[in-house]
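1. based on what follows, work out the 3D shape:
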Amino acid sequence: MSSVVGAQGQADGRRDPPLTGDPTVRSPGGPSTWCRARSCGKLAPMLRSPRRAAVLLVAAVSCARTPAPAPGVPAPAAARANATAQGSLRAPGPPRASGLDRVRPPPPPCLPGHPYAAPTSLASRAFAELDAGANERALGCAEEAQRLAPRLVPALAARAEALAALGRLDEARLAFARALAVDPDDPETLLGASELYVRRLGGERDALEAGLEYAARGARSAARGARRDRDLAARLELVAGMAENDLGHSHLALQHLDRAAAARAADPDVAYERGLALYELCRFPWAMHQLGLVYERRGDAKRAEAWLARARSRAPAEFRSELPVDEVAFKQELAAAVSALPEPERRALERVPVEVQDLPDTGDLLAVDPPLSPSILGLFRGPSEDETCAPADGPRCRAIVVYRKNLIRFARDRKELAEQVRVTLLHELGHLHGESDDELRARGLE
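-> Below is the predicted model of the structure:
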């Protein structure tokens, strides 16, 4: 019966000495330890009779209770914690939010009028939305296509590019990795991945080197076999040249950029990167030309012309003199080009003004990421004709702009100038109709 006495002593706040000589059997703050040593250790013998089993039950219940402290003795820490816990149960806080509160509505369909659109059509729409700058809509279309066809590479690549355009770069890296895990040699995906690493993550050497590898592999893939695409290969060579320039390997950059220039001679990015490589290789006329363009952007016409003239004198074959076409003569060329357009295009221009500027505004160049080149020949401002204008833009939110100085520098004679003005107008009208740069390029309107 000593177990009962010990248990009752605890309940009354009394302290019973241990019944063994082992000082570790009971500690000053641990009556439960003493109870286990005295009662629970004798479990087997006590089960032999109902009376002893009842005694064991009383002792176990006593062990489970926290003893009351003796007068003047502070409550043990465990008892205080237990009281706090019980108090928290008696005074609960505000109810937790239901999981339903975190449920988001489903995204709108990519093609509302086509509920059974094929995944390839959804992926194509995603790329069209990217070209239009509607990055959130592009992401929705790509994810819808991916749900229907989880291994469709264009859908995976479109999702990755949309994430990059939205600035979600870590997610974009994983998305490109997933697309390349399905098809490691897809040149379009490799172009997107290389641009992510070189243009957006290019501050780190590891990123530049990774982008360079992606670009070089994509250029090889686009230059041979069933995937042969000369223009795509040139765009990949451009990114490889940019990476080599940033890595300080100008002699290697020039090799990539020469191949890019062979297919994209009119691309201002190719011209700029090639000029940078030539400067680093001490081919200074290109540096003079670039310096003249910088002064021109700053509005210092006198210094700009001085440096541009030096570049022409040092390398006349690479830097031709501008055509002598002033603003009045240029507007006459533009009016002739408008008159020669097909009738539907002339009617479209009745609703969209055509403006002439010498050079692009900085705000227009920086309106997209990455920025547009200062050497662009024309620009379409505003949404396509099947979209509504924002209230803040007013009823005439669209315009086409052509840049006089860039065009007279690009053309070699008046005949080529007239042709380039016409092509520029058709290109910007294509954007008005909702066409992407890739679609315009396929029509020869680059």
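2. for the stretch 151-300 of the chain, what are the low-confidence residue spans?
-> For the stretch 151-300 of the chain, the stretches with pLDDT under 70 are 202, 266.
3. contact partners for residue 209?
-> Applying C-beta atoms under 8 Å, 6 or more residues apart in numbering, we find residue 209 in contact with 243, 247. The C-beta positions use only the backbone N, C-alpha and C, and glycine is treated the same way.
4. can you list the domains in this protein?
-> Following automatic domain parsing, one gets these domains for the chain: 2-68, 119-281, 283-321, 327-442.
5. would you mind giving those as TSV with distance to residue 107 added?
-> Formatted as TSV, the domains of the chain follow (distance: least, C-beta to C-beta, whole Å):
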stretch	distance to residue 107
domain 2-68	55
domain 119-281	5
domain 283-321	42
domain 327-442	19
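6. most tightly packed of those?
-> domain 119-281 (a mean of 20; mean count of other C-beta atoms under 10 Å).
7. any idea how far that one is from the chain center?
-> Chain-centre distance of domain 119-281: 13 Å, with C-alpha atoms, centre = their mean, to the nearest Å.
8. and the end-to-end length of that domain?
-> One end of domain 119-281 to the other measures 48 Å (C-alpha to C-alpha, to the nearest Å).
9. for the residue most central in space within the chain, which non-adjacent residue is closest in space?
-> For the chain, residue 164 is the residue whose C-alpha lies nearest the centre (C-alpha atoms, centre = their mean; 1.8 Å). Nearest non-adjacent residue to residue 164, counting by C-beta to C-beta, 6 or more residues apart in numbering: residue 172, 3.9 Å away.
10. separation between that neighbour and residue 249?
-> 26 Å (C-beta to C-beta, to the nearest Å).
11. identify the residues contacting stretch 248-261?
-> 219, 233-235, 237-238, 240-245, 267, 270-271, 273-274, 276-278, 280-281.
12. inside helices: which ones of the residues you listed?
-> Residues of the contacts of stretch 248-261 located in helices (DSSP state H): 219, 233-235, 237-238, 240-245, 270-271, 273-274, 276-278, 280.
13. got the CA coordinates for the one helix or strand residue 217 maps to in CSV?
-> Element membership of residue 217 [criterion: DSSP states H and E] is helix 205-222. In CSV, the C-alpha atoms belonging to helix 205-222 read as follows (Å, rounded to 0.1, in the frame of the first residue of the first chain):
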residue,chain,number,x,y,z
ARG,A,205,29.8,35.8,-65.1
ASP,A,206,28.2,32.5,-64.5
ALA,A,207,25.0,33.8,-66.1
LEU,A,208,26.9,35.2,-69.1
GLU,A,209,28.7,31.9,-69.7
ALA,A,210,25.4,29.9,-69.4
GLY,A,211,23.7,32.2,-71.8
LEU,A,212,26.6,31.9,-74.2
GLU,A,213,26.4,28.1,-74.2
TYR,A,214,22.6,28.2,-74.8
ALA,A,215,23.1,30.7,-77.7
ALA,A,216,25.9,28.7,-79.3
ARG,A,217,24.0,25.5,-79.1
GLY,A,218,20.9,27.1,-80.5
ALA,A,219,22.8,28.7,-83.4
ARG,A,220,24.2,25.3,-84.4
SER,A,221,20.8,23.7,-84.2
ALA,A,222,19.1,26.4,-86.3
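14. give me the element residue 402 is part of.
-> Here residue 402, judged by DSSP H and E, is contained in strand 399-403.
15. model confidence over the helix or strand following that strand, on average?
-> Downstream of strand 399-403, the next assigned helix or strand under DSSP H and E is helix 404-410. Helix 404-410 carries an average pLDDT of 92.
16. packing partners for the helix or strand just after helix 404-410?
-> Later in the chain than helix 404-410, the nearest helix or strand by DSSP H and E is helix 414-432. Of the remaining helices and strands, those touching helix 414-432 by 3 or more C-beta pairs under 8 Å, 6 or more residues apart in numbering; DSSP states H and E are helix 327-339, helix 343-349, strand 378-381, strand 399-403, helix 404-410, helix 437-442.
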